[in-house]
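> Okay, predicted coordinates and the sequence, questions at the end:
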Amino acid sequence: MITYYYKNIRSKNLSTLDEYKPGAWVCVENPNEDEIEGLVKRFNLDAGHMEDAMDADEMPRLEREGDLTYIFVRYAYTNDELELTTSPLLFVVGPDILITVALNSLPRLQRFTSGKIEFSTTQRTKLVLQILDQIVDQYEVFINNISRQIKLIRTRLRSHDVANQDFIDFVLIEDELNEFLSAMLPTTAILRRLMLGRHIPLFEEDQELVEDLLLNNEQSIEGCRSNVKSIINIREAYSTIASNNLNRSMKILTAATVIIALPNVLYGMFGMNVDLPFQDAPWAYAIIVTLTLVLTAAIFLIGRAKRVF
């Protein structure tokens, strides 16, 4: 779907146009092949870059073709399965045009269309930075939610036995964070290149916006890394605890086996159908039981002294 938005500095309301006019924002969401081909022909775009925008795995990068700058980023959103994931977004910035191409619907587009964010489509560079700011802010919101989720799971692990689902949750969260990192790390490089002002012209105010974006993006990256580290530490801690519990269980079972096996040696010898010492003595049974108990106690004390049991 292709939508043309227009709002100049003096306009109070955002207009949706039927046709493109200079200064408009060409917002493209989930386009088909015919729409992509039409954009390429109408605005003389690079067909290869437009095809790359339709690749769900396209990574952030910055390209310059003639007087047009192609900025690829990835934004975070919740898909139909309620899973956190990322999707590519392409900015095409030129002297007279601004085009955004999204494989899926932009999650924060309504903030621009509803008037919550003050912007002008004729200020192309500033609008690009404002959209990037919303993308970075969305990452921050998701990362903060993930941090709270990790704390909740960690608290739950303290109050009940560890279940397989707990570790599955950690694996899923770690995958989400790694996907965020793979999207935000290249974005940092893009922002640093934009600060040079060679790809798109930057005014002093725009320069400050880029610096703020860079700082917020790096903070989100550190938040991701911190959460990943917390997950790894928790997983390793419980792995160590599980291994230690298994060793203790093996020791207990081994001790029980030894303690049970030793009396059976005596019982086995005196249970044979041959002539045995003291077989006619009335106190033989008491002596055998007493000897068994003494031997078992001695083995137990020796094991405790050597920390075997």
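Looks like it arrived, so ask away. In this text, all values refer to a predicted model and were calculated from it rather than measured experimentally.
> Please go through this protein and pick out the longest helix.
helix 204-270 (DSSP state H).
> Off-centre distance for that one?
Centre-to-centre, helix 204-270 and its host chain are 19 Å apart (C-alpha atoms, centre = their mean, to the nearest Å).
> Against which helices or strands is it packed?
Applying 3 or more C-beta pairs under 8 Å, 6 or more residues apart in numbering; DSSP states H and E, we find helix 204-270 packed against helix 124-159, helix 164-195, helix 284-305. Where you see a C-beta, it was placed from the backbone N, CA and C, and this is true even at glycine.
> Find the nearest non-adjacent residue to Tyr70, please.
Nearest non-adjacent residue to Tyr70, counting by C-beta to C-beta, 6 or more residues apart in numbering: Glu63, 4.3 Å away.
> Secondary structure element for the one you found, which one?
Using DSSP states H and E, the element containing Glu63 is strand 61-65.
> Okay, now the sheet partners of that strand, with direction.
Strand 61-65 sits in its sheet next to strand 68-78 (antiparallel), going by DSSP bridges.
> tell me what the very next helix or strand once past the strand it pairs with is packed against?
Tracing the chain C-terminally past strand 68-78 and defining elements by DSSP H and E, one meets strand 84-93 next. Secondary-structure packing of strand 84-93 (3+ C-beta pairs under 8 Å, 6+ apart): helix 47-52, strand 68-78, strand 98-102, helix 124-159, helix 164-195.
> Including mean neighbour count, mean pLDDT and distance to Tyr6, could the helices and strands packed on helix 204-270 go into JSON lines?
Output for the helices and strands packed on helix 204-270, formatted as JSON lines (neighbours: other C-beta atoms under 10 Å; pLDDT from 0 to 100; distance: least, C-beta to C-beta, whole Å):
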{"stretch": "helix 124-159", "mean neighbour count": "17", "mean pLDDT": "86", "distance to Tyr6": "12"}
{"stretch": "helix 164-195", "mean neighbour count": "17", "mean pLDDT": "85", "distance to Tyr6": "25"}
{"stretch": "helix 284-305", "mean neighbour count": "13", "mean pLDDT": "78", "distance to Tyr6": "85"}
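> mind giving me a markdown table with those and columns for distance to Met250?
Output for these, formatted as a markdown table (distance: least, C-beta to C-beta, whole Å):
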| stretch | distance to Met250 |
| --- | --- |
| helix 124-159 | 24 |
| helix 164-195 | 22 |
| helix 284-305 | 14 |
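> if we can go back for a sec, buried ones in the strand holding Glu63?
Neighbour-count burial for strand 61-65 flags 61-62 (criterion: 16 or more other C-beta atoms under 10 Å).
> What lies in contact with it?
With contact meaning C-beta atoms under 8 Å, 6 or more residues apart in numbering, strand 61-65 is reached by 46, 49, 69-72, 186, 189-190, 193-194, 199.
> And these, which two are furthest apart?
Asp46 and Ala189 (20.7 Å; C-beta to C-beta).
> The protein - how does it break down into domains?
2-242, 245-305 (automatic domain parsing).
> so how far is the strand holding Glu63 off the chain centroid?
28 Å.
> Between helix 164-195 and that strand, find me the angle.
Relative orientation of strand 61-65 versus helix 164-195 (axes from the mean of the first three to the mean of the last three C-alpha atoms, to 10 degrees): 30 degrees.
> got the angle between strand 61-65 and strand 84-93?
20 degrees.
> quick revisit: now the contacts of strand 61-65 in CSV, with distance to Trp283?
CSV is the format used below for the contacts of strand 61-65 (distance: C-beta to C-beta, whole Å):
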residue, distance to Trp283
Asp46, 104
His49, 100
Thr69, 103
Tyr70, 100
Ile71, 98
Phe72, 94
Pro186, 88
Ala189, 91
Ile190, 93
Arg193, 97
Leu194, 98
His199, 102
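> Compute the distance between the spatially most central residue of the chain and Thr86, please.
Geometric centre of the chain, nearest residue: Leu177, 1.9 Å, by C-alpha atoms, centre = their mean. According to C-beta to C-beta, to the nearest Å, Leu177 and Thr86 sit 11 Å apart.
> same check, this time on Asp52
For Asp52, the distance to Thr86 - C-beta to C-beta - is 15 Å.
> Look at those two and report which has more neighbours.
Higher neighbour count among Asp52 and Thr86: Thr86, with 22 against 18, using other C-beta atoms under 10 Å.
> Hmm, the more buried one is touching Ala183, no?
Yes. At 4.8 Å, Thr86 counts as touching Ala183 under the criterion of C-beta atoms under 8 Å.
> Next, show the common contact partners of the two.
74, 76.
> Any regions of the protein where pLDDT drops low?
For the chain, applying pLDDT under 70 flags the ranges 159-162, 278-279, 307-309.
> where does Glu35 fall, phi/psi-wise?
phi -70, psi -40 (degrees, to the nearest 10).
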